[in-house]
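**Student:** quick one: sequence plus predicted model below, questions after.
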Amino acid sequence: MRIHRIDDPRDPALVDYTGLTDVALRRVREPAEGLYLAESAKVIERALAAGHRPRSLLLLEEWLPGVEPLLADHPDVPVYVGETAALEAVTGFHMHRGALASMHRPDPLDPLELLAASRRVVVLEDLADHTNVGAIFRSVAALGADAVLLTPGCADPLYRRAVRVSMAAVLQVPWARLPEWREAGPMIRDAGYELAAFALREDAEDLADFAARPPERLALLFGTEGEGLSRRALASATRCVTIPMEHGVDSLNVATAAAVALWAVRAGEANAGEQAGERPGERPAKAVRP
């Protein structure tokens, strides 16, 4: 490892790690500069396992022994080491997870190719909360969907909080940006998908009924918690689905709703497979992870 002791928190070599508490700034800087941050040794390990390339690391001294094996294939990557106060002066917050890595962003995936290689996808329209985005990616990974598609206004899955909340699932689940709805709607439908919008509408199907007979190719569409799905998103959908509520509750958090929907579809698919004589859990191959 190329270890560098931090003498000056204003060192230009540390620029990848400055201003981390300024969400608006980082949201613009990181994609523009082709980087994202992996926080904690576990997330760094998963990023490297996914084939992502490190630019540099920023560590507390005691984390060196644990991180060194991870960099065996990257001996020339600079590792900046300092005490707690020095690292806080650089980043603007207390690094209680002890390690940060600046990673090169992977090349963006083509949504058309992702649709062709998948059967179950989640579509997110304009979600601004990185925590919700990260939680949905974690559910996608855990509950067997193949990919995530995001509208242009959706939060960055590679933002530090999204990566952390997802437990690095955003580094494992394939995802791509969609164009605007006038192109995205036909793109999804022409690829053979039922585009099911989750919304509170009188004509919406009950999730239990919908999931009992899941279509061969399915895209589950979720929108923001405040305004819900846009009119163009709803117009692009082929079906509308709702999760029935009780006790006066009108809706679930979007990440919770996505998890419930994914589980219901998975259960419905398993039941349909058993009735057709398939072994439990048997399903066609999923999209190849990047």
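**Tutor:** Yep, that arrived.
**Student:** separation between Asp126 and Leu112?
**Tutor:** 21 Å (Cβ to Cβ, to the nearest Å). Every residue, glycine included, has its C-beta placed from N, CA and C.
**Student:** what's the answer for Gly92, then?
**Tutor:** Separation of Gly92 from Leu112 (Cβ to Cβ): 40 Å.
**Student:** go on, Glu180?
**Tutor:** According to Cβ to Cβ, Glu180 stands 15 Å off from Leu112.
**Student:** ok, now which ones touch Leu124?
**Tutor:** The neighbourhood of Leu124, defined by Cβ atoms under 8 Å, 6 or more residues apart in numbering, consists of 133, 136, 148-151, 154, 222-223.
**Student:** look up which residues are beta-bridged to it.
**Tutor:** According to DSSP bridges, the partner residues bridging Leu124 are Leu150, Phe222.
**Student:** tell me how far it lies from Leu64.
**Tutor:** To Leu64, Leu124 is 38 Å away according to Cβ to Cβ.
**Student:** ditto for Trp263
**Tutor:** 41 Å.
**Student:** quick one: the helices in the protein, in order.
**Tutor:** 23-32, 41-49, 64-67, 84-91, 111-116, 130-142, 160-165, 181-190, 207-212, 231-236, 254-275 (DSSP state H).
**Student:** show residues contacting the last one.
**Tutor:** Residues external to helix 254-275 that are found in contact with it (Cβ under 8 Å, 6+ apart): 120, 122, 127, 131-132, 135-136, 139-140, 143-145, 198, 207-208, 210-214, 218, 220, 222-225, 241, 243, 251-252, 279-283.
**Student:** average model confidence for stretch 209-225?
**Tutor:** Across stretch 209-225, the average pLDDT comes to 94.
**Student:** just the terminal-to-terminal distance for it.
**Tutor:** One end of stretch 209-225 sits 24 Å from the other (Cα to Cα, to the nearest Å).
**Student:** quick check: domain ranges of the chain?
**Tutor:** 2-104, 111-275 (automatic domain parsing).
**Student:** which residues of this structure score low on pLDDT?
**Tutor:** 272-290 (pLDDT under 70).
**Student:** re the thing from before, could you dump the helices of the chain to TSV with mean neighbour count and distance to Val77?
**Tutor:** Below are those laid out as TSV (neighbours: other Cβ atoms under 10 Å; distance: least, Cβ to Cβ, whole Å):
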stretch	mean neighbour count	distance to Val77
helix 23-32	14	18
helix 41-49	20	10
helix 64-67	14	10
helix 84-91	18	17
helix 111-116	17	30
helix 130-142	23	25
helix 160-165	22	19
helix 181-190	16	38
helix 207-212	18	46
helix 231-236	16	42
helix 254-275	18	34
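**Student:** of the ones you listed, which approaches Ala13 most closely?
**Tutor:** helix 84-91 (10.5 Å; Cβ to Cβ).
**Student:** any idea how far that closest one is from the chain center?
**Tutor:** Computed by Cα atoms, centre = their mean, to the nearest Å, the chain-centroid distance of helix 84-91 equals 28 Å.
**Student:** mind giving me the packing neighbours of it?
**Tutor:** Applying 3 or more Cβ pairs under 8 Å, 6 or more residues apart in numbering; DSSP states H and E, we find helix 84-91 packed against strand 54-60.
**Student:** put the alpha carbons of the strand it packs on into PDB.
**Tutor:** Extracted in PDB, the C-alpha atoms of strand 54-60 (Å, rounded to 0.1, in the frame of the first residue of the first chain):
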ATOM      1  CA  PRO A  54     -10.500   2.400  -6.200                       C
ATOM      2  CA  ARG A  55      -9.100   5.900  -6.600                       C
ATOM      3  CA  SER A  56      -7.800   6.300  -3.000                       C
ATOM      4  CA  LEU A  57      -8.700   5.400   0.600                       C
ATOM      5  CA  LEU A  58      -9.000   7.500   3.800                       C
ATOM      6  CA  LEU A  59      -8.600   5.600   7.000                       C
ATOM      7  CA  LEU A  60      -8.100   5.700  10.700                       C
END
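**Student:** and the contacts of that strand?
**Tutor:** Strand 54-60 is contacted from outside by 13-14, 16-17, 35, 44, 47-48, 67, 71, 74, 77-84, 87, 90-91, 95, 98-104, using Cβ under 8 Å, 6+ apart.
**Student:** buried subset of those residues?
**Tutor:** Burial by neighbour count, judged by 16 or more other Cβ atoms under 10 Å, picks out 14, 16-17, 35, 44, 47-48, 67, 71, 77-82, 87, 90-91, 95, 98-103 from the contacts of strand 54-60.
**Student:** many thanks, I have nothing further to ask.
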